[in-house]
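Give me a model of this one.
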Amino acid sequence: MTGTAHKLILFLPHFLYWATLTAMTDHRKQLGALGERLAGRYLVQQGYKIVARNWRCPEGELDLVAQKGEELVFVEVRTRRGTRLGSPEESITAAKQARLIQLAQAFLAEYNDPDCAWHIDVVAVVLNRQGAVQRLTHIEYAIGE
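Alright, predicted model coming up:
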C-alpha cells in the first residue's frame, strides 16, 4: 500500500464522522425551519402579526417575534419528529428560559421600547415519520421573568 493510500484510509473514518455530523446538523436546521414556518402560520391564523423571524443578536436568536393587540410576544418554537426523546416543550431548560428573557430584553432595547408589554410563548410541534403535523401546541406565557 502506498503512503497516499494509507493516509486516505486513516482519513476515511474522520471524513465519515464529519459528513454524518454535517448531515445531522442540516437535518436539524431543516426540521427547525419547518417548525418555525408551521408555528408562524398558526399564529397568523390566530390573529397574531409576525414582526420578526430569526432575530439575532450576540446573545442568540429569537425564533419569532409577534404582536397581538398592544403586546409583543416572543415565541420559542421547538420541533421534534416523534416524542421518543420526550416532548419538545420538555427540552427548554432553565438556562434556555433565562437566555430567552435576556434576548427579549435585548430586542426591546434595540427597538427603544423597554416599557412595552410583552411575554414569552412556546409553540411545540411534533411531526410524524412522514413529516406531517402530529401535534402543534401553543403555550402562552410559558416563560416568566
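
From here on, just use CA atoms for contacts and neighbour counts.
OK.

Tell me which stretches of the chain form helices.
Along the chain, counting by DSSP state H, helices occupy 3-45, 94-110.

Select from those helices the stretch with the lowest mean pLDDT.
Looking at these, the lowest mean pLDDT belongs to helix 3-45 (a mean of 67).

Give me the neighbour count for I143.
I143 has 20 neighbours, counted by other CA atoms under 10 Å.

ah, wrong one, I meant R53
Using other CA under 10 Å, R53 has 16 neighbouring residues.

and if you look at P114?
With neighbours defined by other CA under 10 Å, the count for P114 comes to 14.

and the nearest residue to it once chain neighbours are set aside, how far is that from A66?
Beyond its immediate neighbours in the sequence, the residue positioned closest to P114 (CA to CA, 6 or more residues apart in numbering) is L108, lying 5.1 Å away. Look at L108 and A66: by CA to CA, to the nearest Å, they are 13 Å apart.

So if I had to pick from these two, which one is more boxed in?
Between L108 and A66, counted using other CA under 10 Å, the more crowded position is A66 (21 against 16).

what separates the closest residue to that one other than its chain neighbours from V65, distance-wise?
Beyond its immediate neighbours in the sequence, the residue positioned closest to A66 (CA to CA, 6+ apart) is I50, lying 4.3 Å away. I50 sits 6 Å away from V65 when distances are taken as CA to CA.

So which of the two has more stuff around it?
Taking I50 and V65 together and counting by other CA under 10 Å, V65 has the greater number of neighbours (23 against 18).

partners of the more buried one in the sheet?
Beta-bridge pairing of V65, defined through DSSP bridges, involves A52, F74.

I'd guessed it sits against V77; true?
No. Contact between V65 and V77 fails when scored by CA atoms under 8 Å: they sit 10.9 Å apart.

give me the beta-bridge partners of R56?
Beta-bridge pairing of R56 under DSSP bridges involves E61.
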